[in-house]
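Trainee: Would you be able to build a 3D model of this:
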Amino acid sequence: MSTTPIITDPTTWALDREIVLVRVLDATREAVFAAWTDADAFCQWFGPDGFTCTVREMDVRPGGRACFDMASGDGTVFTNRFDYLEVVPVERLVLDHGSDADDDPARFRVTIVLDEQADGKTVLTLRQLHPTVEQRVATIGFGAVELGLQTMQKLARHLGSPESPGR
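Mentor: Numbering: from 1, shown residues only. Next up, the predicted model:
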């Protein structure tokens, strides 16, 4: 039985089970969406500092799947899987993320929203909804927020955005 949270109304969130990351990117929604959905572009930026990425499969459509490996600097390989639930081009992706194993108990729901700004920039909001409060706490405990912010910084660099102040 899957532990992925079941959400009937995607606007309803359990604040004690979610992690939210937001970044303003100096790029169009089309460019940001392509970075998330094009296999060649994806691995140029995805993952925290010191990690590399290799896509094995990327089928971005409802019911589709992406399978990819992230390797740390010491060579440890972490398998990953996105199971796509909703794909609204240049606006929204909803997916379940976990290891590339069926019924991964650590799998969580991710919603990525791209909001276009009048100045040509895009606000990326990434929401993670974990099945339990305890999983969220453990995820934060191993550094997921900082690692997620590193990943967003790599995305900004990939898209040609200027460095954030203080970084």
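Trainee: what's the offset of the longest strand belonging to the chain from the middle of its chain?
Mentor: Using DSSP state E, we find that the single longest strand of the chain is strand 77-88. Distance of strand 77-88 from its chain centroid, counting by C-alpha atoms, centre = their mean, to the nearest Å, is 9 Å.
Trainee: For the next helix or strand after that strand, which strands pair with it and how are they oriented?
Mentor: Toward the C-terminal end, the helix or strand that comes next after strand 77-88 (DSSP states H and E) is strand 92-98. Strand 92-98 has the following sheet partners, assigned by DSSP bridges: strand 77-88 (antiparallel), strand 108-116 (antiparallel).
Trainee: Most tightly packed of the ones you listed?
Mentor: strand 108-116 (a mean of 19; mean count of other C-beta atoms under 10 Å). In short, each C-beta sits where N, CA and C put it, glycine included.
Trainee: Next, residue 22: secondary structure please.
Mentor: strand (DSSP: H, G, I helix; E, B strand; the rest coil).
Trainee: then the longest strand of the chain to PDB, C-alphas only?
Mentor: The C-alpha coordinates for strand 77-88 follow below in PDB (Å, rounded to 0.1, in the frame of the first residue of the first chain):
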ATOM      1  CA  VAL A  77      24.100   6.900  -6.200                       C
ATOM      2  CA  PHE A  78      20.500   7.800  -5.100                       C
ATOM      3  CA  THR A  79      17.800   6.500  -7.400                       C
ATOM      4  CA  ASN A  80      14.800   8.900  -7.900                       C
ATOM      5  CA  ARG A  81      11.400   8.600  -9.500                       C
ATOM      6  CA  PHE A  82       8.800  11.200 -10.400                       C
ATOM      7  CA  ASP A  83       5.300   9.800 -11.100                       C
ATOM      8  CA  TYR A  84       3.400  12.600 -12.900                       C
ATOM      9  CA  LEU A  85      -0.100  13.200 -11.800                       C
ATOM     10  CA  GLU A  86      -0.800  16.600 -13.400                       C
ATOM     11  CA  VAL A  87       1.000  18.500 -16.200                       C
ATOM     12  CA  VAL A  88      -0.200  21.900 -17.200                       C
END
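Trainee: Could I get the strands paired with strand 92-98 in CSV, plus columns for distance to residue 101 and mean pLDDT?
Mentor: Shown next, in CSV, are these (distance: least, C-beta to C-beta, whole Å; pLDDT from 0 to 100):
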stretch, distance to residue 101, mean pLDDT
strand 77-88, 7, 98
strand 108-116, 14, 97
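Trainee: Could you dump those strands into CSV and include distance to residue 124?
Mentor: Formatted as CSV, the strands paired with strand 92-98 follow (distance: least, C-beta to C-beta, whole Å):
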stretch, distance to residue 124
strand 77-88, 14
strand 108-116, 6
